[in-house]
Structures are given as structure tokens and as C-alpha cells.
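Trainee: Sequence first, then the predicted structure, then my questions.
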Amino acid sequence: MIEWTDTGVLLTSRAHGEHAAIIDVLTPTHGRAAGVVRGGRSRKMTPHLQPGTQLDVTWKARLEDHLGSFTVEPVRARAAVIMGDRKALAGMQAVTALTSVLLPEREAMPDVYERTVTLLDLMAVTDAWPLAYLRWELGLLEALGYGLDLSRCAVTGATEGLNYVSPKSGRAVSTGGAGEWAPKLLPLPPVLLPGNEGDDGDIAQAMGTTGFFLSKAAGDGRDLPEARRRLRDVLAV
Amino acid sequence: MADDTNDVEALIDLMARLPGLGPRSARRAVLHLIKKRGQLLGPLTDAMAKVRATARECLTCGNIGTSDKCAICASPKRATGELCVVEDVSDLWAMERAAVFKGRYHVLGGTLSALDAVGPEDLRIPQLVNRVEEESITEVILALPATVDGQTTAHYIADHLPGTAVTSLAQGVPVGGELDYLDDGTITAALRARKAF
């Protein structure tokens, strides 16, 4: 019997039969892990198995390849705190859905875990989290091997006038360096550059550029979760 | 199993597919029905045949009834200007059991779900928006689950009904509930929704 114990953020929970649920949890040392929770659809368990909930989990399986089963102990409920806040709720759903779709299973990514927990906790205490969300998406891209290099122009080496991103390399391109290729490049909204700030509209616009690379990370033919589009719509209003 | 029990086995298999029943409980139920053939099996068969022939979805609200317009939608007494939005027919029936709401209902048929890719077009949200305009609705009461998907749906509906009063059911301590047995989320929601006493 293989068994491990960890802490983690619940990403998704879906019904499995009449009484059980299959959950997806992001943990610091075991990465994204899935397993069955017996009685996961009971009245007692359902409130705890909401996306964003912090759990202590024990995973057990007879063989490493098996789906395995979880026993869970709720640590902190995040959903209840932000349910009344339409923007934060959309944000939390985007974070959990993107993480669930993009991260490989059973591959430890402690940095992504730490950033995700920090972001989710931030959503409960302040309205100023959308910029942190954008930085989280950039961090996620980096962890997945699709990081953007926005430090200097890929063509001229200039550090000023960076207005585009190459869809191929993910590197910044200045107006001068873009030349006639400008229409084929992605926009580089200033809010994407380190140290810059912006309002929700700027962040929604920047999500267009990060979304292109997230789609690439998701692989051919896989759409990004609807929750991310909804967050972008909420921020754009 | 002998051939002459095939029909019974088929019935057990069908019953076992019902929610709340497994093969063992289905077997017990079928055995009970056979023993009470006159009092239960006959009337049950008749009732099921009738329901099969007449049950249909109300074209207005999505409730289950025996005509294209359910009794609630057809009743002029229920035209109070209040419209209660629920996820499923079972929620509508739960509200009716409580017998406190005197308006009409709208059954969405689910909630928005990022995981299962359920979007607004998969639910009866466009019909809801039309009803609010056409039936002079003054208040829309969102009686949706206190889950992430349920509340996401509630926010989405509220965004699409500008100019209409939109309220939602309170969340908090259930009647007869003791704080010691409540989960953190419910206590948090109850504290946030506290009112002057």
C-alpha cells in the first residue's frame, strides 16, 4: 500500500457515483494529485469540497498507477469568504480551473503552490488582487516552460519602447524592432512589464496576451477553461 | 438463476439504477412489490404508466407537470411579480413544501460549471431574462446552491438583469443547528450576513 500525507488546495471536485467524489488537489510536495473521496457527496462533506478549500489530505493506493483514495481534513474554507464578491469568485474559479487544466499530474511544483496559496488568500482580504493574478499567470507560464522574456527587445536589445511580444518566442519586441512585422505580433500592455501597475481594464487586456501562451501550454485543441474567460469579462467591465 | 425469473431479474436491474437504491435494496423492493401485488404493484404500475403518458416539462418555468403549462404558472394567484430561480425541479418542490413563497418559479436546469463546461446557453438563463421582461417581474429571488458554481451562476444572472430587484436566499445557521457542528464556511457566511437583533 502506498500512502502519503500532505496539505493542499482543492482545485476541482466532481461526482463519482451516488456518494463519492473525485477531487483534484494541488499540493507542495506531490504536485497536482487526484483521488476518490468516499462519502464526498454527503451533506457533511460537500461544504468542504468546494474549490479553493485548504485541506490536509492522505492519499492511499495499492499501486502507484492507481487513482487512489483521499481522506481529507478541512483546514480553511476560502469560498465562503468570497462568495458574495463576484470578482473574487470569478478569480478563484479561474485560478483553480487553470491550475487543474494546465499543471501536469504528480509533478511537484512548490513555487506554483506557494504563489497559488498566496493569491487565493489575497483574494479574501483585498480588492487589489487582479494585478497579483496577472503576475501569477506569468509565473505559471514560466513554470510550464512558456515564460515570457520581457526584459529587452529580441531584435534590437533595446529596453525602452517595448510594445510587442513575439508569439513564437515569447520575447518582447520594441516598436523599432517590430517594423513591418508589427501586425503579426501580440500587444505588450505596459502592465505586463515588471514594476508597472494598471487598472482592471489594463489587466483584462494583458490577459489576452498571457492567454495566447496559456493556450499554447494547454496544447493543441484544448481550450482554456471558461472560468478564465469569465474573469476577463468581469475585469473588462 | 432459472429462466422463469428473468423478468424479475430485469426489474431488479432497472430498480437498482434508481438513486438511493443498489442491487441489494432493489432486490428487497421488488420482492416487497411482488408480495404486495394487489396493494402496491398494481397501483404502482398504473401510476407509472400514467406518468409516462402525461408528465412533461412546463414550457414556461421548467417544472414537471402534466400539461405544457404547470399548475403554478397557470394560477393567476401566483402572479405576484416575484420570481424564484432554482437550480432543479427538486429545489422547486422543496420550496413548495415549505409553503412560504407565493410567487412563480424558474428552473435553470443546472448551474454554470467551469469544470463541466456548462455555459449560460446550456441553462434556461435566456428564457429567464425574457420572462422578467414579459411578465412584469418586480423581484427575482435567487434560490441557488451555496456552492462556488451556484453563486457564480447567481452573480451571472444578477449581471444580466439590470434594473430588476435581485435578491438571494440568506446563508447561515440552519434552524435547529448548533454552532459546534457547523463547518467553518457556514459560520463565516452566517457572521457576514448577521443582522440587527
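Mentor: Happy to help now that I have it.
Trainee: Now do B:Arg124: how many residues are near it, please.
Mentor: A count of nearby residues for B:Arg124, using other C-beta atoms under 10 Å in any protein chain shown, gives 18. C-beta coordinates here come from the backbone N, C-alpha and C atoms, glycine included.
Trainee: Give me the contact status of the helix or strand bottoming out on mean pLDDT in chain B with chain A.
Mentor: Ranking every helix and strand in chain B by mean pLDDT, DSSP states H and E puts helix B:184-192 at the bottom, with a mean of 86. Yes: against chain A, helix B:184-192 shows contacts by C-beta under 8 Å from any C-beta of the partner chain at B:Asp184, B:Gly185, B:Thr186, B:Thr188, B:Ala189, B:Arg192.
Trainee: Can you tell me which of those residues is nearest chain A?
Mentor: Checking these against chain A by C-beta to the nearest C-beta gives B:Gly185 as the nearest, at 3.2 Å.
Trainee: I'd like to know which elements the helix or strand of chain A with the lowest mean pLDDT is packed against.
Mentor: Across the helices and strands of chain A, mean confidence by mean pLDDT, DSSP H and E is lowest for helix A:79-82: a mean of 88. Under the contact definition 3 or more C-beta pairs under 8 Å, 6 or more residues apart in numbering or on different chains; DSSP states H and E, helix A:79-82 sits against helix A:86-102, helix A:110-125, helix B:184-192.
Trainee: pLDDT wise, what is residue 32 at?
Mentor: No chain was given, so I picked chain A. Among the per-residue scores, A:Arg32 shows a pLDDT of 96.
Trainee: look at chain B instead
Mentor: Note for B:His32: predicted pLDDT of 96.
Trainee: Which positions in stretch A:47-57 come out as buried?
Mentor: Neighbour-count burial for stretch A:47-57, counted by 16 or more other C-beta atoms under 10 Å in any protein chain shown, picks out A:Pro47, A:His48, A:Leu49, A:Gln50, A:Pro51, A:Gly52, A:Thr53, A:Gln54, A:Leu55, A:Val57.
Trainee: Quick check: longest helix in chain A by residues?
Mentor: Once chain A is assigned using DSSP state H, the helix that runs over the most residues is helix A:200-218.
Trainee: How about the following helix or strand past that helix and chain B, any contact?
Mentor: Going down the chain from helix A:200-218, the next helix or strand is helix A:226-236, by DSSP states H and E. Yes: applying C-beta under 8 Å from any C-beta, one finds helix A:226-236 in contact with chain B at A:Glu226, A:Ala227, A:Arg230.
Trainee: Low-confidence bits of the chain, can you list those?
Mentor: Here I'm looking at chain A. A:221 (pLDDT under 70).
Trainee: oops, I was thinking of chain B
Mentor: B:1-4.
Trainee: Point out the residues in it that sit beside chain A.
Mentor: Residues of chain B lying near chain A (C-beta under 8 Å from any C-beta): B:19-20, B:112, B:114-117, B:119, B:146-148, B:151-152, B:155-156, B:158-159, B:171, B:183-186, B:188-189, B:192.
Trainee: how does it look with 7 Å?
Mentor: B:19, B:114-115, B:117, B:119, B:147-148, B:151-152, B:155, B:183-186, B:188-189 (C-beta under 7 Å from any C-beta of the partner chain).
Trainee: Just the buried ones from those?
Mentor: Judged by 16+ other C-beta under 10 Å, buried ones among the residues of chain B next to chain A: B:114-115, B:147-148, B:151-152, B:155, B:183-186, B:188-189.
Trainee: ok, the residues you listed vs B:Pro43, which is closest?
Mentor: When these are compared for distance to B:Pro43 (C-beta to C-beta), B:Thr147 wins out at 38.3 Å.
Trainee: How about that closest one, nearest residue that isn't a chain neighbour?
Mentor: Once flanking residues are discounted, B:Thr147 sits nearest to A:Gln50: 6.0 Å by C-beta to C-beta, 6 or more residues apart in numbering or on different chains.
Trainee: Contacts only, for the one you found.
Mentor: A:Gln50 is in contact with A:Ala79, B:Thr147, B:Val148, counting by C-beta atoms under 7 Å, 6 or more residues apart in numbering or on different chains.
Trainee: and if you look at B:Cys58?
Mentor: B:Gly65, B:Asp68, B:Lys69, B:Cys70, B:Cys73.
Trainee: And the residue lying closest to the first one once chain neighbours are set aside, how far from chain A?
Mentor: Computed as C-beta to C-beta, 6+ apart, the closest residue to B:Gly65 that is not its neighbour in sequence is B:Cys58, at 5.3 Å. As for B:Cys58, its distance to chain A is 26 Å (criterion: C-beta to the nearest C-beta, to the nearest Å).
Trainee: For the nearest residue to B:Pro23 once chain neighbours are set aside, grab the count of nearby residues.
Mentor: Nearest residue to B:Pro23, sequence neighbours excluded (C-beta to C-beta, 6+ apart): B:Ala16, at 4.7 Å. B:Ala16 has 16 neighbouring residues, counting by other C-beta under 10 Å.
Trainee: cool, and A:Tyr113?
Mentor: Residue neighbour count, defined by other C-beta under 10 Å, stands at 23 for A:Tyr113.
Trainee: now do A:Ser151
Mentor: When neighbours are defined as other C-beta under 10 Å, A:Ser151 has 12 of them.
Trainee: Just the element for it, please.
Mentor: Following DSSP H and E, one finds A:Ser151 outside all helices and strands.
Trainee: circling back to that earlier point, what packs against the least confident helix or strand of chain B?
Mentor: helix A:79-82 (3 or more C-beta pairs under 7 Å, 6 or more residues apart in numbering or on different chains; DSSP states H and E).
Trainee: Please list the residues outside the helix it packs on that contact it.
Mentor: A:50-53, A:88-89, A:92, A:123-124, B:148, B:185, B:188-189.
Trainee: and it, how far out from the chain's middle?
Mentor: Computed by C-alpha atoms, centre = their mean, to the nearest Å, the chain-centroid distance of helix A:79-82 equals 18 Å.
Trainee: repeat for stretch B:181-197
Mentor: Using C-alpha atoms, centre = their mean, the offset of stretch B:181-197 from its chain centre is 25 Å.
Trainee: got the end-to-end distance for that stretch?
Mentor: End-to-end span of stretch B:181-197 (C-alpha to C-alpha, to the nearest Å): 23 Å.
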